[in-house]
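J.: Fold the following and give me the result.
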Amino acid sequence: MHYELPVVAFIAATSLLLPLTWHWQAKNVAILSIIFWLFVENIIYGVDAIVWGNTAEVKIPIWCDITTKLIIGGQFALPAACLCVCIHLERVASVRAAHTTLKDKKRRNIFEFVMCFGLPVIFMALHYVVQGHRFDIADGYGCRPTTYFSVAGIFIVYLPSIVLSLACLALRHFLIRRITFAAHLASKSALTTSRYMRLILMAIMQMIWTLSVTSFSLSYTASVIPIRPWTNWADVHSDFLRVDQFVMGIFPQRVQTAYYVLWSTVPASTFIFVAFFAFGKEAVEQYKAAFSFCYRLVARKDKPTTDAWPSQRFVLSPFLPLHNIAEPRLTRSDSSASSTVIQSPTSKYSKNGMERTIDTTASYTHSHTRTSLESRSDADVTFAVYSPSSSPVALRFPDSPLYPPSPTPHSVYTVPSLSAFPQPPTTTTPTSPRGPPPQYYRYSSRL
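T.: Got it, this is the predicted structure:
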C-alpha cells in the first residue's frame, strides 16, 4: 500500500482553494474549469487510494461507474481549458478590436463553457463506444477506466488531447510577440503584464505536460497491449458487465513504476497550476487580508474610549443640567474634611407650564477649609428645566455675603455631566490685594 497517495491527492485538492477566490471574482470560466476538474480528479484519486489501499475487491460499483467517466472527461477538459486561455490572451494582446463589449464577453464565456464542460461530457459519452467492459480495479489505486485499445480508441481517448495541446503550442509564437505591448494590454483589459505572463507560462507548461503525459500513456499502452481491430459493437461490448481486478504485486516493477507515474500526473498538474497563481502579488495581498480578518476575529480588542474622563461613566437626564436663576440664601455647616456642604432643602422648577416644589439637596464644594459658621435661614431656589438652547456652559453663583468679592479671576469649569463631578482645576492670577477671593461653587442635583 502506498500511504503517501491519499495524502498527496488531498493536499493537491486543498491547494486549489488558494487561487480560487481571485479567479472567481474575475469570472474566468477557463481557469475556473481547470480548478474544478483538477479538484474533482484529486478527490477521486484520494478516496480511491483510501478505499482500495490494500485490496482489489469490488466495494462501491456505482462510485466506480461515475468516477471513471469523470476521469475520462478530465483528460479532455484540461487541454481544452488551456486552449481557451491562450485564445483569450491572444485576443487581448492583438490590435484587432479597440475594446471588448459586454456582448463579446458573454460570447466568450459561452464558448469557454462549451469547450470546458460541454465537449468533455460529449467525449465521456463517446468513451462508451470503445469501453470493452465496465471498469478495472487495481489495489492501491482504486477504480480505473478501461479502453478497448484499437484505432477507434486512439481517436476518441488519446488523439483529442494531443491535438488540443499542439493547437495551444501553435499560439506560443503569437503570444510571446504580444508581450511587448504592455501599454496596449493595460488599456484594453484589467490584465497587467505580470498576470499576462503568468497565464501564458501556465498554459504553455500545462500543454507541454499534457502532451508529454498523453504521449507517454499512448506509447506505453501500445508497447504492452497490441492494437486490436474494432470489429463490431457486439464483439467489443461482449461481457460488458465484467470488472477486471488487478493485484499490482504480481506485475513486473516496470509496470508498477509506469502505473505510479501515470497516477502522479494529476497531482503534478495541480501543483504546476498552483505554483503560477498561488504566489502572485494579488494572491499574497488576499492572504494578508484573510490573515488580518482572522486575527481581528480571534483577538478582538476593545476600542479606546473617547470620553474626556475615561474612568467615569456619566448618565444624562432629560431634566439636567439645571442652573440657578435666583440668588439662594445658603446654609453652611463645616466638618473636619476639606470641603463644605451647603444645602438647600426646597427647590422650585417649571414643567409643562406648572410650577412645582420639590425637596432636593444641592452640594456646593470649594477647595478651602473653613471654620464653623453660623446657620442662616434657607431660601427657595428656582431652577429652569434644561433645553439645548439655554444650557449653561458653567455654573456660577453670586458672591458670598460672608466674604467680600475680589477681582481675582478664576477659571470657569465646564461640566460635561451632572451625575458625577471631578475636581475642577483652578488658577489664581492676583491683580490687586483686595480681600479674600470670591467663592465659586459647583452644584449638582438629581430630580
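
J.: Quick one: the helices in the protein, in order.
T.: For the chain, the helices defined by DSSP state H occupy 4-15, 20-26, 29-51, 61-93, 102-113, 119-126, 151-153, 159-170, 172-177, 182-188, 193-224, 233-236, 253-277, 281-298.

J.: Could you dump the ones you listed into TSV with distance to I137 and mean pLDDT added?
T.: For the C-beta atoms, the positions are set from N, CA and C on the backbone; glycine is no exception. Converted to TSV, the helices of the chain look like this (distance: least, Cβ to Cβ, whole Å; pLDDT from 0 to 100):
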stretch	distance to I137	mean pLDDT
helix 4-15	15	92
helix 20-26	32	77
helix 29-51	9	93
helix 61-93	7	88
helix 102-113	33	88
helix 119-126	20	93
helix 151-153	20	90
helix 159-170	24	82
helix 172-177	40	58
helix 182-188	50	52
helix 193-224	18	82
helix 233-236	21	88
helix 253-277	13	89
helix 281-298	39	74
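
J.: Compare those helices and give me the one nearest G132.
T.: helix 233-236 (6.1 Å; Cβ to Cβ).

J.: so what secondary structure elements neighbour the closest one?
T.: Packing partners of helix 233-236 (3 or more Cβ pairs under 8 Å, 6 or more residues apart in numbering; DSSP states H and E): none among the helices and strands.

J.: which residues touch it?
T.: V129, V130, G132, Y148, S150, W230 (Cβ atoms under 8 Å, 6 or more residues apart in numbering).

J.: Which residue, neighbours along the chain excluded, lies closest to the fifth one?
T.: Nearest-residue entry for S150: W230, 4.2 Å, with adjacent residues in sequence omitted and distances by Cβ to Cβ, 6 or more residues apart in numbering.

J.: With the second one instead?
T.: Closest residue to V130 in three dimensions, ignoring its sequence neighbours and counting by Cβ to Cβ, 6+ apart: G153, at 4.0 Å.

J.: rewinding a little: let's have the contacts of helix 233-236 in CSV, adding pLDDT, distance to E112 and neighbour count.
T.: Output for these, formatted as CSV (pLDDT from 0 to 100; distance: Cβ to Cβ, whole Å; neighbours: other Cβ atoms under 10 Å):
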residue, pLDDT, distance to E112, neighbour count
V129, 92, 27, 16
V130, 91, 27, 21
G132, 89, 33, 19
Y148, 90, 32, 19
S150, 90, 32, 17
W230, 83, 33, 16
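
J.: Out of those, which comes closest to T265?
T.: Nearest to T265 among the contacts of helix 233-236, with distances taken as Cβ to Cβ, is V130, at 20.9 Å.

J.: R228 is in contact with the closest one, correct?
T.: No. Using Cβ atoms under 8 Å, V130 is not in contact with R228; the gap is 10.5 Å.

J.: Show me whatever sits in contact with both of these two.
T.: Joint contacts of V130 and R228 (Cβ under 8 Å, 6+ apart) are Y148, S150.

J.: what comes into contact with stretch 17-37?
T.: Here stretch 17-37 has contacts from 16, 73-74, 77-78, 81-82, 84-85, 88, 109, 112-113, 115-117, 120, 190, 206, 273-274, 277-278, 282-283, 286, using Cβ under 8 Å, 6+ apart.

J.: among those, which ones are buried?
T.: 16, 73-74, 77-78, 81-82, 84-85, 88, 112, 115-117, 120, 206, 273-274, 277-278, 282-283, 286 (16 or more other Cβ atoms under 10 Å).

J.: Give me the neighbour count for R228.
T.: 14 (other Cβ atoms under 10 Å).

J.: Next: the one 5 residues further on.
T.: Counted with other Cβ under 10 Å, the neighbours of W233 add up to 9.

J.: what do you get for D136?
T.: 19.

J.: quick one: contacts for it?
T.: C143, R144, P145, T146, V243, D244, Q245, F246.

J.: From D48, how far off is the nearest residue to the third one once chain neighbours are set aside?
T.: It refers to P145. Leaving aside its sequence neighbours, P145 sits nearest to T68 (Cβ to Cβ, 6+ apart; 4.0 Å). Distance of T68 to D48, computed by Cβ to Cβ, to the nearest Å: 10 Å.

J.: Looking at the two, which is more packed in?
T.: Counted by other Cβ under 10 Å, T68 and D48 do not tie: D48 has more neighbours, with 26 against 22.

J.: From T68, how far off is the closest residue to the more buried one other than its chain neighbours?
T.: Computed as Cβ to Cβ, 6+ apart, the closest residue to D48 that is not its neighbour in sequence is G142, at 2.4 Å. From G142 over to T68 the distance is 10 Å, taken as Cβ to Cβ.

J.: which ones are touching the residue nearest to G73 when sequence neighbours are not counted?
T.: Nearest non-adjacent residue to G73, counting by Cβ to Cβ, 6+ apart: P120, 3.8 Å away. Counting by Cβ under 8 Å, 6+ apart, P120 makes contact with W37, G73, G74, F76, A77, A80.

J.: Closest one of these to A222?
T.: Using Cβ to Cβ, those come closest to A222 at F76, 19.9 Å.

J.: Hmm, that closest one is touching V163, no?
T.: No. F76 is beyond contact range of V163, at 10.4 Å (criterion: Cβ under 8 Å).

J.: pull the CA atoms of stretch 37-45 into PDB?
T.: Taking Å, rounded to 0.1, in the frame of the first residue of the first chain, the C-alpha atoms of stretch 37-45 are listed here in PDB:
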ATOM      1  CA  TRP A  37     -11.600  19.400 -13.000                       C
ATOM      2  CA  LEU A  38      -8.300  19.100 -11.100                       C
ATOM      3  CA  PHE A  39     -10.100  19.300  -7.800                       C
ATOM      4  CA  VAL A  40     -12.600  16.500  -8.800                       C
ATOM      5  CA  GLU A  41      -9.800  14.200 -10.000                       C
ATOM      6  CA  ASN A  42      -7.700  14.700  -6.900                       C
ATOM      7  CA  ILE A  43     -10.600  13.900  -4.700                       C
ATOM      8  CA  ILE A  44     -11.400  10.800  -6.700                       C
ATOM      9  CA  TYR A  45      -7.700   9.700  -6.500                       C
END
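
J.: start to end distance for stretch 236-244?
T.: 15 Å (Cα to Cα, to the nearest Å).

J.: Number the chain from 58, please
T.: Yes, from this point I'll number from 58; that puts the last item at stretch 293-301.

J.: Count the neighbours of S90 for me.
T.: For S90, using other Cβ under 10 Å, the count is 23.

J.: Distance of it relative to F170?
T.: Distance from S90 to F170, by Cβ to Cβ: 8 Å.

J.: now T204
T.: T204 is 27 Å from F170, by Cβ to Cβ.
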